[in-house]
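A.B. asks: Next input, structure requested:
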Amino acid sequence: MQANVGDILLVHGNVVGQADRKAVIVEVRGADGAPPYVVRFGDGHTQFVYPGPDAVVLPGEPSG
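C.D. replies: Reported below is the predicted structural model:
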């Protein structure tokens, strides 16, 4: 898994009825875009994460 600052981390719900969670990657701490990441959720909560197999990285919006 590789990511850049500004990309979206999408974590799929793994239990019936559990919603997917989206967060913006605000810091990449691994080498060459590898985890771990610091992410910010829509409510402003930030979290340090090592994404599991239920997560995917989506390209963020281009800046400019």
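A.B. asks: tell me the SS of the closest residue in space to residue 34 that isn't next to it in sequence?
C.D. replies: Distances taken as CB to CB, 6 or more residues apart in numbering put residue 2 closest to residue 34, at 6.3 Å, once the chain neighbours are dropped. For every residue, glycine as well, the C-beta is placed using N, CA and C. Put simply, residue 2 is coil when judged by DSSP: H, G, I helix; E, B strand; the rest coil.
A.B. asks: any idea of the pLDDT on residue 2?
C.D. replies: Looking at residue 2, its pLDDT is 95.
A.B. asks: residues of the longest strand along the chain that come out buried?
C.D. replies: Identified as the longest strand of the chain according to DSSP state E is strand 21-28. Residues 23, 24, 25, 28 are the ones in strand 21-28 that count as buried (16 or more other CB atoms under 10 Å).
A.B. asks: any idea which element the closest residue to the second one other than its chain neighbours lies in?
C.D. replies: If you skip the residues right next to it in sequence, residue 24 has residue 40 as its closest partner in space, 5.1 Å away by CB to CB, 6+ apart. In this structure, residue 40 sits in strand 37-41 according to DSSP states H and E.
A.B. asks: And the contacts of that strand?
C.D. replies: 3, 9, 21-30, 46-49, 51 (CB atoms under 8 Å, 6 or more residues apart in numbering).
A.B. asks: Follow the chain on from it and name the next helix or strand.
C.D. replies: Taking DSSP H and E, what comes next after strand 37-41 is strand 46-49.
A.B. asks: Against which helices or strands is that following strand packed?
C.D. replies: strand 21-28, strand 37-41 (3 or more CB pairs under 8 Å, 6 or more residues apart in numbering; DSSP states H and E).
A.B. asks: make it 6 Å
C.D. replies: On a contact count with 3 or more CB pairs under 6 Å, 6 or more residues apart in numbering; DSSP states H and E, strand 46-49 meets strand 37-41.
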